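K.L.:
compute the structure for the input listed below.
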Amino acid sequence: MDTIKKDKICVVIPCFHNNETIRESVLSAANQKDVDVEVVIVDNGRTLDKSLVSDIDNVRIVDVVENVGPSEGRNSGVRASDGEYIAFLDADDWWKEDKLKKELAAFKTIRIKGRSPVMVFSGRGLYTHDGRDTGRVIHCDETVNYKKLLRSNQISCSSVLVKRRTILKYPMERADLHEDYICWLKMLKDDGYAFGIDEPLLCYRIRKGSKSGSKFKSMKMTYGVYKYMGVPFLGRLVYTCTYIFYGLKKYYF
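P.N.:
Numbering: from 1, shown residues only. Below you'll find the predicted structure:
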């Protein structure tokens, strides 16, 4: 994009056979309070029923003929955006109405040793696949650096707000692993930090059959992330154990 609009937030939503949930997700993004927002839907494989979102203001659809997957779908949405900030939202999750307002305010005011955060994220409430509140909340730390993030990925992709120029520098890759985890680690490895708002501003749907739905498969992918990031063998074993510990603590305790 030639002109980037200051303070504008573009919400990138990759969509692939998500017609049952896409409208709720888009409405939650388009109706955010007190922010300049545009929703950019990346229609992977042209599976979106556009009539579901045709009456919602500030929505733009990026057509992708073939399904390129969520990683490249997010990258395509970022490249097509003209906002200073990017927020990611999966097509079956949704937000509380003041999510972006609170995160943008944190971006503008939080300084640690004179430095603003690389990204801002939030906690999340867990919902069943059909949208019922489980009453469980996944909390987050206020500040997360590279070493802390290696122990456990507490940054949910659908909760992130980041500057466009930053995410262009660290695009999503390795869709066979946890592509968002790799992205956050690369950002923070360059001596940055993420700021967490410990409120369930994200409503996270527990997906049946998702890539990380199988805990064993997710563990293997996490080990692959550590290997990809160049973590030594012993470190990979240690961090995989901490991943298992925090995963059990997060979802079962």
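
K.L.:
for this structure, what are the low-confidence residue spans?
P.N.:
1-2, 208-214, 249-253 (pLDDT under 70).

K.L.:
quick one: the helices in the stretch 101-250 of the chain?
P.N.:
Secondary structure of the stretch 101-250 of the chain (DSSP state H, counting those that start in this stretch): helices at 146-151, 164-169, 179-189, 215-228, 233-252.

K.L.:
so for Lys101, which of those sits nearest?
P.N.:
helix 164-169 (18.5 Å; C-beta to C-beta). C-betas here are computed from N, CA, C, even on glycine.

K.L.:
quick revisit: pick the most buried one from the helices of the stretch 101-250 of the chain.
P.N.:
Neighbour counts (mean count of other C-beta atoms under 10 Å) averaged over each of these peak at helix 179-189, with a mean of 21.

K.L.:
reformat the helices of the stretch 101-250 of the chain as TSV; add distance to His139.
P.N.:
Formatted as TSV, these follow (distance: least, C-beta to C-beta, whole Å):
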stretch	distance to His139
helix 146-151	14
helix 164-169	25
helix 179-189	17
helix 215-228	20
helix 233-252	9
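
K.L.:
next, name the residue at the spatial heart of this protein.
P.N.:
The centre of the chain sits closest to Cys157, judged by C-alpha atoms, centre = their mean, with a distance of 1.5 Å.

K.L.:
would you confirm that Ala30 contacts Ile56?
P.N.:
Yes. Using C-beta atoms under 8 Å, Ala30 is in contact with Ile56, at 5.1 Å.

K.L.:
name the residues contacting each of these two.
P.N.:
Counting by C-beta atoms under 8 Å, 6 or more residues apart in numbering, the residues touching both Ala30 and Ile56 are Val39.

K.L.:
about what we covered before: out of the helices of the stretch 101-250 of the chain, nearest to Ile41?
P.N.:
helix 164-169 (17.2 Å).

K.L.:
output the closest one as PDB, nothing but the C-alphas.
P.N.:
Extracted in PDB, the C-alpha atoms of helix 164-169 (Å, rounded to 0.1, in the frame of the first residue of the first chain):
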ATOM      1  CA  ARG A 164       2.000  -3.300  10.200                       C
ATOM      2  CA  ARG A 165       5.600  -2.500   9.600                       C
ATOM      3  CA  THR A 166       6.600  -5.000  12.300                       C
ATOM      4  CA  ILE A 167       4.500  -7.900  11.000                       C
ATOM      5  CA  LEU A 168       5.800  -7.200   7.400                       C
ATOM      6  CA  LYS A 169       9.300  -7.700   8.800                       C
END
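
K.L.:
and it, what does it pack onto?
P.N.:
helix 69-79, strand 83-88 (3 or more C-beta pairs under 8 Å, 6 or more residues apart in numbering; DSSP states H and E).

K.L.:
gap between Arg124 and Val65?
P.N.:
Distance of Arg124 to Val65, given as C-beta to C-beta, to the nearest Å: 33 Å.

K.L.:
burial measure for Val231, as a count.
P.N.:
Neighbour count for Val231, taken as other C-beta atoms under 10 Å: 18.

K.L.:
show me the contacts for it.
P.N.:
With contact set as C-beta under 8 Å, 6+ apart, Val231 has these partners: Leu150, Tyr239.
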